[in-house]
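Chemist: give the three-dimensional model of this entry:
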Amino acid sequence: MSRPKILCVSKTISQDNKNAWGNPWVFAIAGTMATFIIVNIIFVITAFVTNPGLVVEDYYEKGREYEKNALKMLAATQATRHWETKLDMPKIINLKEKIFVTFTAVDELGLPVRDAQATLVAYRPSDAAADIQLPMQEIAPGLFQTALTLPLKGLWDIRIILHHHSDKLEIEKRISVKA
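Modeler: Residues are numbered from 1 along each chain as shown. Below you'll find the model as predicted:
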């Protein structure tokens, strides 16, 4: 009676095997490289799919333009620095909760700033698609208000832009929205 032949796997894939594909180190190196390539492909696909679009196409030109006009903007803002401004909003803001944002501006004499237009801009530093721009209603001389509902939790930058004749004043505040 003859014994059945048993195939020994340990001898076919072994460091002693002279064939390269029979050596476990070749499999380990090939597997590591394949994993590296697959992970990088996943990263590239994720970067394209989740692109928030925060970089504008003419970023360099806009930066140069800002640099040229920065001193002019500072001087113009300095002229309006005599104004007293106050931004009122709740200290705790919850997700999808309607809040009222109130902005007050008085001149150097303490008189309300009249004939001005105020705009509230709420933007997320991490997602340009969620930006919100709302006009503020003048509910009394120098007193502006708007209702705001923020749809995403996290950090938001709130900017009030006040136009009064040729003057422009911007007030900015960073807030956090709770879930």
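
Chemist: so how far is Arg124 from Leu155?
Modeler: 7 Å (C-beta to C-beta, to the nearest Å). For glycine as for every other residue, the C-beta is placed from the backbone atoms N, C-alpha and C.

Chemist: and Asp16, by the same measure?
Modeler: 60 Å.

Chemist: with Asp167 instead?
Modeler: Relative to Arg124, and taking C-beta to C-beta, Asp167 is found at 28 Å.

Chemist: leaving out the residues flanking it, which one is nearest to Ile160?
Modeler: Ile171 (4.5 Å; C-beta to C-beta, 6 or more residues apart in numbering).

Chemist: what does the pLDDT read for Ala28?
Modeler: pLDDT recorded at Ala28 is 89.

Chemist: okay, buried residues for the top strand by length along the chain please.
Modeler: Ranked by number of residues, the top strand in the chain under DSSP state E is strand 127-140. By 16 or more other C-beta atoms under 10 Å, the buried positions in strand 127-140 come out as 136, 138.

Chemist: and if you look at stretch 32-39?
Modeler: Result for stretch 32-39 [16+ other C-beta under 10 Å]: no buried residues.

Chemist: per-residue confidence averaged over it?
Modeler: pLDDT averaged over stretch 32-39 gives 97.

Chemist: next one: it to chain centre, how far?
Modeler: 30 Å (C-alpha atoms, centre = their mean, to the nearest Å).

Chemist: try stretch 27-38
Modeler: So, by C-alpha atoms, centre = their mean, the centroid of stretch 27-38 is 35 Å from its chain's centroid.

Chemist: next one: stretch 124-137
Modeler: With C-alpha atoms, centre = their mean, you get 11 Å for stretch 124-137.

Chemist: swap in stretch 142-153?
Modeler: 19 Å.

Chemist: what's in contact with it?
Modeler: 93, 95-106, 111-114, 116, 118, 120, 122, 124, 127, 130, 132, 134-139, 156, 160, 162, 177-179 (C-beta atoms under 8 Å, 6 or more residues apart in numbering).

Chemist: of Asp167 and Arg124, who's got more company?
Modeler: More neighbours surround Arg124 than the other of Asp167 and Arg124, with 20 against 14 (other C-beta atoms under 10 Å).

Chemist: ok, and the closest non-adjacent residue to the more buried one?
Modeler: Ala130 (4.8 Å).

Chemist: how far away is the one you found from Thr149?
Modeler: 12 Å.
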